[in-house]
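Colleague: make a model of this:
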Amino acid sequence: VGLALLPGFILKFGIGAMYALLGSLQFFLLFGVRLVPSSGPSGQAATIASGKSILVLAVLGFTSIFLFELAVMGLWTYYERIGDAGGLPAQKIANSLSIGAFVGFLGSLTAAALTTRFGRLIPIAFGMGLGIFSILILRTEFSVIMFVVSASAFNFAWYFLLPYLMAAIANIDESGRLLIFVNFITGVGLTIGPALAAKLQTEDSYEPVIWMGVITLVLSFLLMIRLAVQPIRAS
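Modeller: Numbers count the residues shown, from 1 in each chain. This is a model prediction of the structure:
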């Protein structure tokens with residue numbers, strides 16, 4: 001909804017009003033803090049697995065998630081600019097990104113519905129493949145329809161993959177400490193992705209940004225395979 005309405009909102013009230021609106025929405029989220037449980041169920045195991053193999057798995061998982069976040073945020077930051085470079089009107093770009101965000105919501109629901117019915121490797125492989133496909137669409141003949149398909153597939157893959165990647169980390173650590181550290185890794189990836197994309201783009205082409213997304217997603221998947229095939233620990 002925000003993506004669809006923001007262009008007109010900014011034109012009418014200015015860019016400052018947009019930040020005031022977003023800040024206000026963030027404030028209301030504070031009222032939900034009391035609903036967050038302070039701990040897991042009583043009796044839950046709270047020991048972190050140790051050993052060289054767990055360390056290797058953790059490094060592989062952290063690097064995979066770092067590359068994944070770098071790829072998706074590096075691309076998503078420039079989706080609007082890529083659409084603009086393809087000659088699409090601003091409102092059509094906004095509508096396309098709004099549709100893509102909604103489809104991303106469906107990706108989260110799909111992951112929640114499937115859980116581990118097909119294990120973790122197959123869903124992760126599917127999500128990574130769909131993400132790469134969505135990025136490569138941007139290299140085809142540009143049109144509104146293709147842009148909508150690309151944004152939708154990209155967001156679906158993004159929101160579908162995140163639960164499986166996080167679960168792969170949680171699966172090797174009963175204490176939850178590694179999962180907490182993932183937030184830091186995610187933040188680094190989200191920060192470096194747009195910065196790297198800005199360095200790679202040229203004045204007349206976003207081709208380097210597109211290939212950055214493809215290559216980093218491939219590497220992310222290869223690094224995550226080892227964790228994805230680990231036996232699923234009972235919750």
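
Colleague: contacts, neighbours, all on C-alpha from now
Modeller: Fine.

Colleague: check what pLDDT Ala49 gets.
Modeller: Reading off the per-residue confidence, Ala49 sits at a pLDDT of 48.

Colleague: next one: Val209
Modeller: As summarised for this prediction, Val209 has a pLDDT of 94.

Colleague: sticking with the closest residue to it other than its chain neighbours, tell me its helix or strand.
Modeller: Spatial nearest neighbour of Val209, excluding adjacent residues (Cα to Cα, 6 or more residues apart in numbering): Ala197 at 5.4 Å. Assignment of secondary structure by DSSP states H and E places Ala197 within helix 177-200.

Colleague: report the buried residues of that helix.
Modeller: Burial within helix 177-200, assessed by neighbour count using 16 or more other Cα atoms under 10 Å, is assigned to 178-179, 182, 185-186, 189-190, 192-194, 197-198, 200.

Colleague: and if you look at stretch 207-218?
Modeller: Burial within stretch 207-218, assessed by neighbour count using 16+ other Cα under 10 Å, is assigned to 209-214, 216-218.

Colleague: from those residues, which land in helices?
Modeller: Where the buried residues of stretch 207-218 overlap with helices, as defined by DSSP state H, the overlap consists of 209-214, 216-218.

Colleague: got a pLDDT number for the residue nearest to Val209?
Modeller: The model reports Ala197 with a pLDDT of 93.

Colleague: any stretches of the chain with poor pLDDT?
Modeller: Counting by pLDDT under 70, the chain contains low-confidence ranges at 39-52, 234-235.

Colleague: the longest helix in it is where?
Modeller: Ranking each helix of the chain by length (DSSP H) puts helix 52-85 first.
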